[in-house]
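**Q** Fold the following and give me the result.
(10 chains)
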10 protein chains.
Amino acid sequence: MPNPELLEVFATPAEQAFVIEHTSTEFTSLCPKTGHPDFGDVILRYQPASASRGGVCVELKSLKLYYQSFRDEGIFYEAVTNQIRDDLSTLLKPEWLQIETHWRGRGGIRSIIRADAGDVPAHYRGR
Amino acid sequence: MPNPELLEVFATPAEQAFVIEHTSTEFTSLCPKTGHPDFGDVILRYQPASASRGGVCVELKSLKLYYQSFRDEGIFYEAVTNQIRDDLSTLLKPEWLQIETHWRGRGGIRSIIRADAGDVPAHYRGR
Amino acid sequence: MPNPELLEVFATPAEQAFVIEHTSTEFTSLCPKTGHPDFGDVILRYQPASASRGGVCVELKSLKLYYQSFRDEGIFYEAVTNQIRDDLSTLLKPEWLQIETHWRGRGGIRSIIRADAGDVPAHYRGR
Amino acid sequence: MPNPELLEVFATPAEQAFVIEHTSTEFTSLCPKTGHPDFGDVILRYQPASASRGGVCVELKSLKLYYQSFRDEGIFYEAVTNQIRDDLSTLLKPEWLQIETHWRGRGGIRSIIRADAGDVPAHYRGR
Amino acid sequence: MPNPELLEVFATPAEQAFVIEHTSTEFTSLCPKTGHPDFGDVILRYQPASASRGGVCVELKSLKLYYQSFRDEGIFYEAVTNQIRDDLSTLLKPEWLQIETHWRGRGGIRSIIRADAGDVPAHYRGR
Amino acid sequence: MPNPELLEVFATPAEQAFVIEHTSTEFTSLCPKTGHPDFGDVILRYQPASASRGGVCVELKSLKLYYQSFRDEGIFYEAVTNQIRDDLSTLLKPEWLQIETHWRGRGGIRSIIRADAGDVPAHYRGR
Amino acid sequence: MPNPELLEVFATPAEQAFVIEHTSTEFTSLCPKTGHPDFGDVILRYQPASASRGGVCVELKSLKLYYQSFRDEGIFYEAVTNQIRDDLSTLLKPEWLQIETHWRGRGGIRSIIRADAGDVPAHYRGR
Amino acid sequence: MPNPELLEVFATPAEQAFVIEHTSTEFTSLCPKTGHPDFGDVILRYQPASASRGGVCVELKSLKLYYQSFRDEGIFYEAVTNQIRDDLSTLLKPEWLQIETHWRGRGGIRSIIRADAGDVPAHYRGR
Amino acid sequence: MPNPELLEVFATPAEQAFVIEHTSTEFTSLCPKTGHPDFGDVILRYQPASASRGGVCVELKSLKLYYQSFRDEGIFYEAVTNQIRDDLSTLLKPEWLQIETHWRGRGGIRSIIRADAGDVPAHYRGR
Amino acid sequence: MPNPELLEVFATPAEQAFVIEHTSTEFTSLCPKTGHPDFGDVILRYQPASASRGGVCVELKSLKLYYQSFRDEGIFYEAVTNQIRDDLSTLLKPEWLQIETHWRGRGGIRSIIRADAGDVPAHYRGR
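**A** So this is what the prediction gives:
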């Protein structure tokens, strides 16, 4: 089951603002209605808090393991997206954070879910 | 015939704003003039109301069945688009909602219909 | 000859604003100078008046027949574009309407003509 | 030699504003330095004056013959572009007019020249 | 060695503003550190001063010869770009002028240098 | 190990503002968690201080050697990006500077890190 | 109606074998069932008989007029293709001749018809 | 008028077989029926005779001037192609030679003409 | 001037057949007629003789220097291609070797020259 | 240094012939002349011997570690390619095996090396 305790952080290396984007193309979970596997991409974008404010970054291998912890979970697309947004926001306390999930087709329907935390700059919003 | 009672919802998993986009590439209905089948894509975009206001999301399999209920209906492109907009707006009471239908050519004419409900953000509008 | 009486309408299915776009890729008429056939695409975009104001939509098969009525007409590109704009504006009394015609090359020259009626939103204008 | 008297016009078919774009891909003239032929595309965009102000449109076959009249002329790219702009502005007295010439490479250099008359809308300007 | 005396001009053919763009894809000079040849594209954009102010245009063949005069020069990318900007600005006294150089990879690094003179319009700036 | 002493500079050739962009497609370092190699692109954009203020440019071959000095370093993506930003800002004292790193996939996750120094113009920001 | 008497020929300029290919992208005729217009491309390939055997080539403008003579004819795709093959074979008495027609979609079906006369070389056959 | 005396040759630099291909994208002549200009590409491929047999190659600038000598000639596509084949075969006495001309559209018809001399290898034949 | 003595070799590392392909995109020499620079790509493909027969490979940096030695040479495309073929065949005594040169346009003409030594496998021949 | 002892195998799961292709896009070694890093792709294709003949497959993680063992090795492209071919052929004793290495540009030259073992099927050979 989704396990945010798998996530590890390290201190941000910078006082100045910078932006991090991790795109996972190998996310899979289960449909809570049918039990069939869902496949998707998960895009995480965020600006860590600055070093003097104790800002942290998520460690990449732990992020991969955290994503893998959804593998046997029956969970809606919307809940996946919001849980990742919440788990990572709670952990990282970033300036802002954005999650986008792109789901490959099921039953002829493709889906995209977008969820933000904090004040995402305009040029990262929308289509 | 188009049957909105097929639609099911589940409680939105989030208090914060987020955006959902479902693209169906397998919509078919009948031309009310000729009885011939029409084929198109249906794009649904919406921001559910927040959890504290009782916001809900549409369940994906029920959305597919609802779309399938148009299969034997003789109905204009414009009416399909507005009915889907109305059925889903009534059901979901979202912050905003947008329907775009793209119809493959008939008689050498391709068509696109766009209908909104509520205040769609600028970056989701237009061409 | 161009015959707007071929056009049929049906009552708009919606009170709210929505946008309709029909792209015909099989338009042909005759050059009034040489009698040779011209070939082009015709794009029609419009927002019907709302239902409570008696808004109507153009029926697609009748639109095709109307376009076909130009087949034996000797007429300039500019006149085709404005006549379609005028015939459809008179018939539909829409909130706004836009006609774009794209003509395949003659004598090494390709042409595009754009004509609007009413207040076309900014994101549908220009190149 | 370039001969604007070849150009013919016809009365604009419309009172309302509309935009005309003619792209010729078969323009050729001679280099005034070397006598070698130059080859290019010529794009003409304009909004004719309204019918009540005596607005006119350029007839397409006459435009082709006018372009062909440069075939044996030794003339710089810049002068071609400005002469076409001037000849057509004088003839058409349009609301605005824009000429863009794209020249295929000579000596490893490709060139683009842009010249306007009147108040060209922002969405037709620039790169 | 780079020789601006190779450059020739001719009187601008126009009183009105217009824009000229010459793209050379065959520029080569030498690396001042290693002596190895560098290869790049040079894009020149400018608006000549108006005819009544004595505006001039650069003649294309002379521009080619001027670019060829860098062939045996050991010179940094940055200096090439600024020297061309300066030589052409001094010669042409244009309303504005812009030089962009794109260098093919050396040691796995590709480079782009951009230098302006005068007030370059916004739609010609940036990426 | 990362060695900014490898970096060499030369005096900027210009008083006016200009922009330099170097894209390296052959960056490699080691993952500090697993020891496995990471591969990425590094994009450096900056505007050197003007000549009268003692502005300098980074010499390209020395930049390549500096990037190569990360080859055997165990270091996070975020630290690579910020260290390059800091080393080059300290060395060049530019008007502004921007570093973007694009990392090829590891464990199905691709990453992009963006870090700025000074006031980067709007058209160089964002996606 | 289709009129092969519009076709004109001229004596082949060569004793040796050579191959001619004319592709018309502006063919239109009428569907014999519905009266609606059909639109397609017509590709003609042939090797004229040699000069000493009285070989002839089809003149291009007359070919255009011949194709235009189908404009008001109600005729199946298959019959169009075979009639063109027959009319041109009878006229030209070529070494071999090949007609390919590509029809734009009607009712969601695109069609290609191929008809040969004489011994078409292997590399012109098939898809 | 077409003038093969403009063509110059130089002795082939090789005893062994090799193949030369020159593609001109700036060919223009006149239609003998209408007097309007035609535009096309001319591809020349050949294998010169070996040095010991007195083989020669065509000089490139003279080839350009020879092609330019068709500029004011009223001549069919088929005759252009065969005349170039004949003029160059007579001049070069090559092992084999191939001419392909590709003509931009006139009256909605694009044309390709292919003519060979000698024994063209199979991999240079056909579509 | 072209200097094959710049070329260095090393013993082939293999007894078995293998194939080497080096594509240089930065070749430049001078036109012997006009003195203007020519620019092209040079593709070298070869199979070295086996180790037991004393087979050698060309060292890459020396190949680059050899190509650079043509920089100031006035020489025809055909001679460049054959000289490289001859110099490398003499040096390497390979099983077979193939040179292809692709020249950017001059006077609207692009050229490709192909020269082989020994028995080039069929799948490396032709277009 | 390159270490084939890192490679691990497992028994082929099949009696019938099948084909395996592994493409690594993150290969790096050092140039033996300059010490600078080289970057390339390595494609391995092979058909394992059948199960009854003791056929084995290479384990993927061990293949990655084996490739990484070249990271600090000064070695020519040709030797890399042949050593991988030899190490894997010795280990796997496959029906056939093929190595293709594609090297990113150095000094403006891109390289491809192809080495086979055993009887590679025709459709895997050549360009």
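
**Q** going forward, measure contacts and count neighbours with C-alpha atoms only.
**A** Fine.

**Q** can the top strand by length along chain A be found next to chain B?
**A** Longest strand of chain A, by residue count under DSSP state E: strand A:18-30. No. On the criterion CA under 8 Å from any CA of the partner chain, strand A:18-30 is out of touch with chain B, staying 13.2 Å away.

**Q** helices or strands up against that strand?
**A** strand A:37-47, helix A:60-68, strand F:109-118 (3 or more CA pairs under 8 Å, 6 or more residues apart in numbering or on different chains; DSSP states H and E).

**Q** next one: the last one to chain centre, how far?
**A** Between the mean C-alpha point of strand F:109-118 and the mean C-alpha point of its chain there is a distance of 10 Å (CA atoms, centre = their mean, to the nearest Å).

**Q** Packing partners of that strand?
**A** strand A:18-30, helix F:77-92, strand F:96-106.

**Q** tell me how far the worst-scoring helix or strand of chain A on mean pLDDT is from the chain's mean position?
**A** Between all helices and strands in chain A, the lowest mean by mean pLDDT, DSSP states H and E belongs to strand A:96-106, at a mean of 92. Put simply, strand A:96-106 sits 8 Å off its chain's centre (CA atoms, centre = their mean).

**Q** Pull up the pairing partners for it, direction included.
**A** Looking at strand A:96-106 with DSSP bridges, its partner strands are strand A:37-47 (antiparallel), strand A:109-118 (antiparallel).

**Q** what residues does the next helix or strand after the longest one touch?
**A** This means strand A:37-47. Of the helices and strands lying after strand A:37-47 in sequence (DSSP states H and E), the nearest is strand A:56-58. Residues outside strand A:56-58 that contact it (CA atoms under 8 Å, 6 or more residues apart in numbering or on different chains): A:Leu7, A:Glu8, A:Val9, A:Phe10, A:Ala11, A:Thr12, A:Pro48, A:Ala49, A:Leu92, A:Lys93, A:Pro94.

**Q** re the thing from before, could you list the buried residues of the longest strand of chain A?
**A** By 16 or more other CA atoms under 10 Å in any protein chain shown, the buried positions in strand A:18-30 come out as A:Phe18, A:Val19, A:Ile20, A:Glu21, A:His22, A:Thr23, A:Ser24, A:Thr25, A:Phe27, A:Thr28, A:Ser29, A:Leu30.

**Q** hang on, the second one packs against A:Ala49?
**A** No. With contact taken as CA atoms under 8 Å, A:Val19 and A:Ala49 are classed as non-touching, separated by 10.4 Å.

**Q** picking that back up, how about a markdown table for the strands paired with strand A:96-106, with distance to H:Phe76, mean neighbour count and mean pLDDT added?
**A** Formatted as a markdown table, these follow (distance: least, CA to CA, whole Å; neighbours: other CA atoms under 10 Å in any protein chain shown; pLDDT from 0 to 100):
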| stretch | distance to H:Phe76 | mean neighbour count | mean pLDDT |
| --- | --- | --- | --- |
| strand A:37-47 | 59 | 21 | 95 |
| strand A:109-118 | 55 | 21 | 94 |
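
**Q** Of all those strands, which one comes closest to E:Glu59?
**A** strand A:37-47 (50.4 Å; CA to CA).

**Q** what angle sits between the closest one and strand A:18-30?
**A** Strand A:37-47 runs at 170 degrees relative to strand A:18-30, counting by axes from the mean of the first three to the mean of the last three CA atoms, to 10 degrees.

**Q** angle of strand A:37-47 against helix A:77-92?
**A** Interaxial angle, strand A:37-47 versus helix A:77-92 (the same axes, to 10 degrees): 40 degrees.

**Q** how many neighbours does A:Cys57 have?
**A** Per other CA atoms under 10 Å in any protein chain shown, the neighbour tally for A:Cys57 reads 23.

**Q** same question, A:Tyr124
**A** Using other CA under 10 Å, A:Tyr124 has 11 neighbouring residues.

**Q** Also A:Phe10?
**A** A count of neighbours around A:Phe10, defined by other CA under 10 Å, yields 12.

**Q** quick one, what contacts it?
**A** A:Val56, A:Cys57, A:Val58, A:Glu59.

**Q** could you redo the last one with a cut-off of 10 Å?
**A** Applying CA atoms under 10 Å, 6 or more residues apart in numbering or on different chains to A:Phe10 gives the contacts A:Gly55, A:Val56, A:Cys57, A:Val58, A:Glu59, A:Leu92, F:Phe76.

**Q** For it, report the pLDDT, please.
**A** Predicted confidence (pLDDT) for A:Phe10: 96.

**Q** same deal with A:Arg127?
**A** Reading off the per-residue confidence, A:Arg127 sits at a pLDDT of 50.

**Q** what's the overlap in contacts for A:Val19 and A:Ala49?
**A** A:Glu95, A:Trp96.

**Q** Distance to G:Asp116 added to the strands paired with strand A:96-106, as TSV?
**A** Formatted as TSV, those follow (distance: least, CA to CA, whole Å):
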stretch	distance to G:Asp116
strand A:37-47	50
strand A:109-118	45
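
**Q** can you tell me which of these comes nearest to J:Phe39?
**A** Going by CA to CA, the one of the strands paired with strand A:96-106 nearest J:Phe39 is strand A:37-47, 28.2 Å.

**Q** okay, the angle between that closest one and helix A:60-68?
**A** 140 degrees.

**Q** Can you classify A:Val120 by secondary structure?
**A** coil (DSSP: H, G, I helix; E, B strand; the rest coil).

**Q** list the contacts for the nearest residue to it once chain neighbours are set aside?
**A** In this structure, A:Val120 finds its nearest non-sequential neighbour in A:Trp96, 5.7 Å apart by CA to CA, 6 or more residues apart in numbering or on different chains. For A:Trp96, the contacting residues are A:19, A:45-49, A:89, A:116-121, by CA under 10 Å, 6+ apart.

**Q** one more time with 6 Å, if that's ok
**A** Each residue near A:Trp96 by CA atoms under 6 Å, 6 or more residues apart in numbering or on different chains is listed here: A:Tyr46, A:Gln47, A:Ala117, A:Gly118, A:Asp119, A:Val120.

**Q** in the sheet, who's paired with the fourth one?
**A** The one in question is A:Gly118. Beta-bridge partners, per DSSP bridges, of A:Gly118: A:Trp96.

**Q** hang on, the earlier thing: for the contacts of A:Phe10, which two are the farthest from each other?
**A** A:Leu92 and F:Phe76 (16.6 Å).

**Q** out of the two, which sits in the more crowded spot?
**A** A:Leu92 (23 against 19).

**Q** any idea how far the residue nearest to that one when sequence neighbours are not counted lies from A:Ala11?
**A** Excluding its sequence neighbours, the residue lying closest to A:Leu92 (CA to CA, 6+ apart) is A:Val56, at 5.8 Å. For A:Val56, the distance to A:Ala11 equals 4 Å [CA to CA, to the nearest Å].

**Q** Tell me how far the residue nearest to A:Glu21 when sequence neighbours are not counted lies from chain C.
**A** The shortest distance from A:Glu21 to any residue other than its chain neighbours is 4.3 Å, reached at A:Arg45 (CA to CA, 6+ apart). To chain C, A:Arg45 is 29 Å away according to CA to the nearest CA, to the nearest Å.

**Q** Then A:Glu73?
**A** For A:Glu73, the distance to chain C - CA to the nearest CA - is 40 Å.

**Q** hmm, back to that, hey, least reliable of the helices and strands packed on strand F:109-118 by pLDDT?
**A** strand F:96-106 - the lowest mean pLDDT of the helices and strands packed on strand F:109-118, at a mean of 92.

**Q** still on that earlier bit, distance of the residue nearest to A:Glu21 relative to J:Gly35?
**A** 38 Å.

**Q** Thought B:Ser24 was touching A:Ser111, still the case?
**A** No. Using CA atoms under 6 Å, A:Ser111 is not in contact with B:Ser24, being 8.7 Å away.

**Q** No more questions from me, cheers.
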